[in-house]
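Chemist: How does the following fold in three dimensions:
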Amino acid sequence: MIAAANYKKKKRRAMIGIVVSAIILVLTLSMGLAGLFFYLDAVEKASRAQQREEWFDPWEDSGSGRQDAFKTWEIIGLTEEFASDFKETYHYYFAFDKEWYPFIVKMKGELDEGFGPYMDYVYEEDAAEPEPLMLRGVAAPIEDDIRGFAIECMNILYEEEFMTEENFEDYMGISLLDMSGVPLGQADFGVSRPFFIVGFIGSVMAVLLIVLYVRNWRDASHAEGRERENMRRASVWQNRPEESEMSGASEVSGVSGMSGSGQVPGSSDGVYEGADGAYGSAGGGYMGESMGRPGGSGGAGAGSGYGYTGSASTGYTNGSGVRLVPVRKSNVFLGIIGAIGGSLVGVVLWIMISMVGFVAGIAGYVMLKFALKGYERLSGCLDRKGAAISLIVAAFMVTFACVLDYVIILCRAFFEWDASFDTVRYVVMNFGTLMTELDTWRGFAVNLLVGYALSVWSSYQLIGETLRVK
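Modeler: Residues are numbered from 1 along each chain as shown. As a prediction, this is how the structure comes out:
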């Protein structure tokens, strides 16, 4: 009766979890749909703005608000680039209109060959004047470092020191023509992102929770059904006195099952397989095919001196004190996910400690400890294979944490020029090249070796226990 009540409680908890997860899924999907609505609204507003054009004004305050149209200007001359960003993504040029008034143009990527005649017209005295070319973009503020390069290069171009900080705006204005940008009008794509992110993450988590609770409910239902079948078989066995006497005689002789039941005699410790599957205890034993007889999962006859008491989920114990527990198998795939997820706790700790200028072995200990717990929680149990996998994952995560630490260091350095996601992507995609250019591989190797040494020193007892897992 106690086991049946426990199964009903587990099923009730699983059902509550399914309902709550379904409610969360509905809410997060609604947020995702709201994000989609905001995104489509922003696309429409941006599209309306990009259908309009107006002349570019270098003295326009481009930082005062959103631009509702493309800025255009006709040019007849273009210089070579005088500046570029540290990622070599954006390049800056001087352009000249028909009146030879200069302004700054920002372009993305390599310069198209079609601009060749316009550059020739600037640098070659006998070059023919090309047809005016219409440039389109948005007005953007001229940054301080671009201003400095522009003053230097303009003075070189005209071979005299005529442009200074004081008269720069008189010649070049306060804005440049950014051909890499588009007008957005009143569109705000940033509003949709939080809804998308929360909706996506929440929906994934809700689906995983639903799958988990459905599996728990199914396992509890199956275990409850097996328990009822065991009780039925035990009841049938107790009502057959002629077999009880034979079983009792067999138990006195040291055999825990009836002859003729397909069991292999052995010691009182062993592995038993009955109606519920595999059961095991401390020593060698026998494999039984039991129909309610001692030695099988059906032998749950309470009150009999030779029977087994307990449940299918917790195991059985006979009158002689032999303990039979279910043999559980781990799910390797879910275990690896759990080990990786658990070890990320140590990675976060590593990064936090590194930000204050230290390398702590406690982070390696936390990686291994939580990797073991994560594997055990998701796989169902921690066996020797799971312990080895967790140890390998934790060892790999030490290197991953060190690499991530240097990625953050590089991003913080480059954020002084461009604090954007594009900078993060640039650092990640060019990590090896940047490390070589900045000559930081030696420091990386030292930190990695110190990290492994401190991790092993702080975790040697836990590593020993992990290698001894059975």
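Chemist: how close does the residue nearest to Phe96 when sequence neighbours are not counted sit to Met397?
Modeler: Closest residue in space to Phe96, ignoring its immediate chain neighbours: Gly77 at 3.8 Å, by CB to CB, 6 or more residues apart in numbering. To be clear about C-beta, it is placed using only N, CA and C from the backbone, and glycine gets the same treatment. As judged by CB to CB, to the nearest Å, Gly77 and Met397 stand 56 Å apart.
Chemist: So for those two, which sits in the more crowded spot?
Modeler: Between Gly77 and Met397, Met397 has the larger neighbour count (other CB atoms under 10 Å), namely 27 against 22.
Chemist: Check which helix or strand that one maps to.
Modeler: helix 384-414 (DSSP states H and E).
Chemist: distance between that helix and the chain's centre?
Modeler: 13 Å (CA atoms, centre = their mean, to the nearest Å).
Chemist: Now do that helix: which elements does it pack against?
Modeler: Packing partners of helix 384-414 (3 or more CB pairs under 8 Å, 6 or more residues apart in numbering; DSSP states H and E): helix 332-354, helix 361-379, helix 421-429, helix 431-437, helix 441-467.
Chemist: where's the third one relative to the chain centroid, distance-wise?
Modeler: Spelled out, it's helix 421-429. 17 Å.
Chemist: show me where this structure has strands.
Modeler: 53-55, 70-75, 77-78, 83-84, 90-96, 102-108, 133-141, 175-178, 271-274, 277-280, 308-311, 315-318, 323-326 (DSSP state E).
Chemist: hey, least reliable of those strands by pLDDT?
Modeler: The minimum mean pLDDT among the strands of the chain belongs to strand 271-274 (a mean of 41).
Chemist: quick one: low-confidence parts of the stretch 251-400 of the chain?
Modeler: 251-330, 359-361 (pLDDT under 70).
Chemist: repeat that for 80
Modeler: Scanning the stretch 251-400 of the chain for pLDDT under 80 picks out 251-331, 356-362, 380-381.
Chemist: Please report how far Lys8 lies from Arg226.
Modeler: For Lys8 relative to Arg226 (CB to CB), the value is 15 Å.
Chemist: Tell me which of these two has more neighbours.
Modeler: Just comparing Lys8 and Arg226: by other CB under 10 Å the higher neighbour count belongs to Arg226, 19 against 12.
Chemist: Go ahead and confirm Ala34 touches Pro194.
Modeler: No - using CB atoms under 8 Å, Ala34 is not in contact with Pro194; the gap is 10.1 Å.
Chemist: Could you check which of the two is surrounded by more residues?
Modeler: Each of Ala34 and Pro194 has its neighbours counted (other CB under 10 Å); Ala34 has more, 16 against 12.
Chemist: How about the contacts made by that one?
Modeler: Contacts for Ala34 were tallied using CB atoms under 8 Å, 6 or more residues apart in numbering; they are 195, 199.
Chemist: again, but for the one 5 residues further on
Modeler: Tyr39 makes contacts with 189, 192, 196, as judged by CB under 8 Å, 6+ apart.
Chemist: circling back to that earlier point, identify the residues contacting the residue nearest to Phe96.
Modeler: Counting by CB under 8 Å, 6+ apart, Gly77 touches 95-96, 100, 118-119, 121-122.
Chemist: could you pull out the helices for the stretch 51-200 of the chain?
Modeler: Using DSSP state H, counting those that start in this stretch, the helices of the stretch 51-200 of the chain run over 116-123, 144-158, 168-172, 192-238.
Chemist: Tell me which of the ones you listed lies nearest to Lys71.
Modeler: Across those, Lys71 has its closest neighbour in helix 168-172 (15.4 Å, CB to CB).
Chemist: shouldn't Lys45 be in contact with Ala187?
Modeler: Yes - contact criterion CB under 8 Å: Lys45 and Ala187 qualify, at 3.9 Å.
Chemist: Between these two, which is the more surrounded one?
Modeler: The neighbour count for Lys45 versus Ala187, taken as other CB under 10 Å, is higher for Ala187 (22 against 18).
Chemist: give the contact list for that one.
Modeler: Ala187 neighbours (CB under 8 Å, 6+ apart): 41-46, 49, 66.
Chemist: and if we set it to 10 Å?
Modeler: Residues counted as contacts of Ala187 (CB atoms under 10 Å, 6 or more residues apart in numbering) are 38-39, 41-50, 66.
Chemist: re earlier: which among the contacts of Tyr39 end up buried?
Modeler: Among the contacts of Tyr39, those classed as buried by 16 or more other CB atoms under 10 Å are 192, 196.
Chemist: quick check, nearest of the contacts of Tyr39 to Glu465?
Modeler: Nearest to Glu465 among these, with distances taken as CB to CB, is Phe196, at 44.0 Å.
Chemist: ok, back up a step: how far away is the residue nearest to Phe96 from Trp100?
Modeler: For Gly77, the distance to Trp100 - CB to CB - is 8 Å.
Chemist: what residues are shared contacts of the two?
Modeler: Counting by CB under 10 Å, 6+ apart, the residues touching both Gly77 and Trp100 are Val122.
Chemist: Now stretch 416-426: buried residues?
Modeler: 423-424, 426.
Chemist: what does it contact?
Modeler: Contacts for stretch 416-426 (CB under 10 Å, 6+ apart): 85-90, 143, 145, 407-408, 410-415, 434.
Chemist: Filter these down to the buried ones and hand me the PyMOL line.
Modeler: Remark: buried members of the contacts of stretch 416-426, expressed as a PyMOL selection using 16+ other CB under 10 Å:
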select buried, resi 85+87+90+407+410+414+434
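Chemist: Domain map for this structure?
Modeler: What automatic domain parsing lists as the domains of the chain is 2-49+190-219, 53-178, 266-327, 332-467.
Chemist: Tell me which of the ones you listed sits nearest to Arg233.
Modeler: So among those, domain 266-327 is nearest, using CB to CB, at 3.6 Å.
Chemist: Out of the domains of the chain, indicate the one that is most buried.
Modeler: Across the domains of the chain, averaging neighbours per residue (mean count of other CB atoms under 10 Å) puts domain 266-327 on top, at a mean of 20.
Chemist: Excluding chain neighbours, give the residue nearest to the spatially most central residue of the chain in space.
Modeler: Nearest to the geometric centre of the chain sits Gly341, at 8.5 Å (CA atoms, centre = their mean). Leaving out its chain neighbours, the residue that sits closest to Gly341 by CB to CB, 6+ apart is Gly374, at 5.2 Å.
Chemist: measure the residue lying closest to Gly137 once chain neighbours are set aside to Thr72 for me?
Modeler: Leaving aside its chain neighbours, Gly137 sits nearest to Met179 (3.9 Å; criterion: CB to CB, 6+ apart). Using CB to CB, Met179 is found at 11 Å from Thr72.
Chemist: intersection of neighbour lists for those two?
Modeler: 135-137.
Chemist: what stretches of the stretch 51-200 of the chain score poorly on pLDDT?
Modeler: For the stretch 51-200 of the chain, the stretches with pLDDT under 80 are 62-66, 87.
Chemist: Okay, the residue nearest to Gly137 and Val403: tell me how far apart.
Modeler: According to CB to CB, Met179 and Val403 sit 36 Å apart.
Chemist: sorry, back to before: among the helices and strands packed on helix 384-414, which comes closest to Glu113?
Modeler: Nearest of the helices and strands packed on helix 384-414 (CB to CB): helix 421-429, 26.1 Å.
Chemist: between the closest one and helix 384-414, how big is the angle?
Modeler: Between helix 421-429 and helix 384-414, the angle comes out at 130 degrees (axes from the mean of the first three to the mean of the last three CA atoms, to 10 degrees).
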